[in-house]
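A.B. asks: Predicted model and sequence follow; I will ask about them next.
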Amino acid sequence: MLIKEGDLVSIPATSKTYCVGQVAAIAETSFLIATFIPHFMVNGRLPKLEDIDFSSPVFLVETMDEYVESGRWKVLGGRMPLEFPIPAFKVQVGFDVDFYIQNFRGEIGRKASQAEVDRLRTHTSFSPSLVEDAIRAERQLGEWNKIYDIMWADPAQAIEYIF
């Protein structure tokens, strides 16, 4: 993988609008990216990174690195790791009707409480093109698709301990 945790990448929303994303975590074949409010390019350039508010991600979503490898998403550099809770997920194992807590890397921990089952979402990965579509839709530059609802960065999706 060409990226590491903390890396910042530019994600095109339109030909003149870019979103900056930060790699929050890496798994074997995918990564978790936090996206921040898109910015318009000025004279063909992105704003200075110090002018971007990294405290409140818009989306926190798992995706693959094909757009990084192709150069469509450009690595801008690195910064301190994201200070936002990494989500946990609910998962059923085998034929068991109970749900368990799963971390981003796919490790399955303890049995989930009913409150956690009601609150958590299932582990879902999205294509890079769908991430771009969600960014455009959030800025009202495209149509909103209901699947984007589970892409929001939501601190309630984090679990303090899973094992």
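C.D. replies: Looks like it came in fine.
A.B. asks: Contacts only, for Thr17.
C.D. replies: If you count contacts by CB atoms under 8 Å, 6 or more residues apart in numbering, Thr17 has them with Pro38, His39, Phe40, Met41, Arg139, Leu141. To be clear about C-beta, it is placed using only N, CA and C from the backbone, and glycine gets the same treatment.
A.B. asks: I'd like the distance between it and Glu143.
C.D. replies: Distance, Thr17 to Glu143, using CB to CB, to the nearest Å: 16 Å.
A.B. asks: and what of Val42?
C.D. replies: Taking CB to CB, one finds Val42 at 28 Å from Glu143.
A.B. asks: go on, Ile162?
C.D. replies: Here Ile162 is placed at a distance of 36 Å from Glu143 (CB to CB).
A.B. asks: got a list of what the spatially closest residue to Lys16 that is not a sequence neighbour touches?
C.D. replies: Distance criterion CB to CB, 6 or more residues apart in numbering; nearest residue to Lys16, sequence neighbours excluded, is Met41 at 5.4 Å. When contacts are counted by CB under 8 Å, 6+ apart, Met41 touches Lys16, Thr17, Tyr18.
A.B. asks: same question, Leu46
C.D. replies: Applying CB under 8 Å, 6+ apart, we find Leu46 in contact with Ser10, Tyr18, Val20, His39, Leu76.
A.B. asks: farthest-separated two in the residues you listed?
C.D. replies: Between any two of the contacts of Leu46, the greatest separation by CB to CB is 12.0 Å, found for His39 and Leu76.
A.B. asks: Pull up the overlap in contacts between the two.
C.D. replies: By CB under 8 Å, 6+ apart, His39 and Leu76 have these common neighbours: Val20, Leu46.
A.B. asks: what's the helix or strand for the residue in the chain sticking out farthest from the centre?
C.D. replies: In the chain, counting by CA atoms, centre = their mean, Phe95 sits farthest out from the average C-alpha position, at 29.6 Å. Per DSSP states H and E, Phe95 falls between elements, in no helix or strand.
A.B. asks: separation between it and Glu66?
C.D. replies: For Phe95 relative to Glu66 (CB to CB), the value is 34 Å.
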